[in-house]
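Colleague: here is my input; please provide its structure:
(one chain, ligands or ions: 2)
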Amino acid sequence: MFQKILVGVDGSESALRAVDVAANLAKTFDGRLLLLHVVQVSAIAEEALKISATAHLSENPKGILERLSQDVLDAARERGRRVGLTDQQITTLNADGDQARELINAAKRRKVDLIVVGSRGRSRLQGLLLGSVSQKVSALSPCPCVIV
Ligand SMILES: Nc1ncnc2c1ncn2[C@@H]1O[C@H](COP(=O)(O)OP(=O)(O)O)[C@@H](O)[C@H]1O
Ligand SMILES: [Mg+2]
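Modeller: Ligands and ions are numbered 1, 2, ... in the order given. From the prediction side, this is the model:
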């Protein structure tokens, strides 16, 4: 039933718990995980380029963002492995843009059976019960959506 499962990861503990749930489902259904990390590269890189121009940073800001994104995806993949999935069962993906919109786009384009996200992410807005990405994804999801 849930053969292709998309998980949104952002480096938060909440998202890693979402990976744990998704990985267990993938194992149960003999399916696979698509781990997606969305970064607003163009927006962030533009700001960083301005800073790096004055601070004489040696590394290209885009390169730094890509490395950070790779770390987020590596940590998520490791959680999937720990649940017992093989590397062939886990695909990591990047996207540039609005987090929720990119998750929805990927779900449609890749025809996934389920989206899994954490209830919270990295922001410190304690007042919100549910993060804005989880709210938007659950409202617009083309398929069943689990919020962990
Ligand atoms: N940049 C992102 N890329 C992919 N998934 C994300 C991203 N940001 C958040 N998510 C997903 O949405 C969940 C909720 O995060 P979010 O709504 O941003 O909460 P918060 O407001 O606490 O940051 C995360 O646990 C993760 O599953
Ligand atoms: Mg967030």
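
Colleague: so the residue of the chain found nearest ligand 2, which of the three states?
Modeller: Among residues of the chain, the one nearest ligand 2 by Cβ to the ion turns out to be Gly121. It sits 3.2 Å away. C-beta here means a position set from N, CA and C on the backbone, and glycine is covered the same way. Of the three states, Gly121 takes coil according to DSSP: H, G, I helix; E, B strand; the rest coil.

Colleague: next, count neighbours for it.
Modeller: Around Gly121 sit 21 other residues, with neighbours defined as other Cβ atoms under 10 Å.

Colleague: I figured it was touching Ser12, is that so?
Modeller: Yes. With contact taken as Cβ atoms under 8 Å, Gly121 and Ser12 are classed as touching, separated by 4.7 Å.

Colleague: and the residue of the chain closest to ligand 2, what is it in contact with?
Modeller: Neighbouring residues of Gly121 by Cβ atoms under 8 Å, 6 or more residues apart in numbering: Asp10, Ser12, Ser14, Ala15, Gly131, Val133, Ser134.

Colleague: of those, which is the nearest to Arg79?
Modeller: Distance ranking of those against Arg79, using Cβ to Cβ, places Ala15 first at 9.5 Å.

Colleague: isn't that closest one up against Val21?
Modeller: No. At 10.8 Å, Ala15 does not count as touching Val21 under the criterion of Cβ under 8 Å.
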